[in-house]
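Asker: Got a predicted model here, sequence first, then my questions.
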Amino acid sequence: MAQSVASTAAKSSYSTPPPSQAQMAAPVAPPKKDPKLVDNWKTRAAEELTDAEVLAMPDAEYMNDKQMAFFRHKLVQLKLDIHNSAGETTEHLREDTVVVPDPADRATIEEEHALELRTRDRERKLLKKIEQSIARIDSGDYGYCDETGEPIGVGRLLARPTATLSLEAQQRRELKQKMFGD
């Protein structure tokens with residue numbers, strides 16, 4: 001009984017401080033295009049382009065052949081990285097099969113394994129999205145919102161190459177999920 005009273009008192013006495021200016025949500029500004037990089041994409045191979053060079057491309061060149069090849073290369077590299085880390089996880093789990101007599105040490109090892117397996121499960125789901133994105137590149141639909149058909153934007157695709165919704169459509173979907181649940 002005394003514990004619940006102390007707990008309630010602690011909860012009621014705690015108040016959150018008002019957010020500082022740095023914590024307040026500022027409007028998201030689009031990434032700046034570097035004018036020096038605008039024409040670099042014309043002379044370089046898609047695999048050699050940097051994120052900044054792709055971002056500096058003119059809007060009229062949205063999802064041209066070079067950008068499609070650039071994002072395909074980026075997705076394939078991401079896929080290879082995930083496959084490599086999955087192989088490392090398998091090796092790591094095999095190495096740690098030693099029987100540890102101390103229950104606390106055993107629990108720590110099992111928790112680490114559970115966390116690693118959870119991470120690999122998330123990567124497995126990401127692999128599926130990567131495959132879908134590569135298929136969208138092949139069909140020519142990559143870079144355009146599934147709901148509105150508008151361009152997703154190079155900046156968003158650089159941050160999340162598997163995006164299928166524009167920022168506005170994604171915000172609407174998240175707001176609906178928050179209001180109505182899953």
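Answerer: Everything's here; your move.
Asker: And the helices in this protein?
Answerer: 2-13, 51-55, 65-95, 103-139, 154-159, 167-180 (DSSP state H).
Asker: mind putting those in TSV, mean neighbour count and mean pLDDT included?
Answerer: For glycine as for every other residue, the C-beta is placed from the backbone atoms N, C-alpha and C. Below are these laid out as TSV (neighbours: other C-beta atoms under 10 Å; pLDDT from 0 to 100):
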stretch	mean neighbour count	mean pLDDT
helix 2-13	8	40
helix 51-55	18	83
helix 65-95	15	87
helix 103-139	13	90
helix 154-159	18	92
helix 167-180	11	92
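Asker: Can you say which of the ones you listed is nearest to A45?
Answerer: With C-beta to C-beta, the closest approach to A45 among the helices of the chain belongs to helix 65-95: 8.2 Å.
Asker: Can you name every helix or strand that that closest one contacts?
Answerer: Here helix 65-95 touches helix 103-139, going by 3 or more C-beta pairs under 8 Å, 6 or more residues apart in numbering; DSSP states H and E.
Asker: Could you list every helix and strand in contact with the helix it packs on?
Answerer: Applying 3+ C-beta pairs under 8 Å, 6+ apart, we find helix 103-139 packed against helix 65-95.
Asker: follow-up on the earlier one: how about TSV for the helices of the chain, with distance to C145 added?
Answerer: Compiled in TSV, the helices of the chain are given as follows (distance: least, C-beta to C-beta, whole Å):
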stretch	distance to C145
helix 2-13	43
helix 51-55	19
helix 65-95	15
helix 103-139	12
helix 154-159	10
helix 167-180	5
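Asker: how about the spatially most central residue of the chain, phi and psi?
Answerer: For the chain, the residue sitting closest to the mean C-alpha position, by C-alpha atoms, centre = their mean, is R160 at 5.1 Å. Reported as degrees, to the nearest 10, the phi and psi values for R160 are phi -140, psi 90.
Asker: And it, how far from V154?
Answerer: To V154, R160 is 12 Å away according to C-beta to C-beta, to the nearest Å.
Asker: swap in Q171?
Answerer: Q171 is 18 Å from V154, by C-beta to C-beta.
Asker: repeat for Q132
Answerer: From Q132 over to V154 (counting by C-beta to C-beta), the distance is 19 Å.
Asker: cool, D59 as well?
Answerer: For D59 relative to V154 (C-beta to C-beta), the value is 9 Å.
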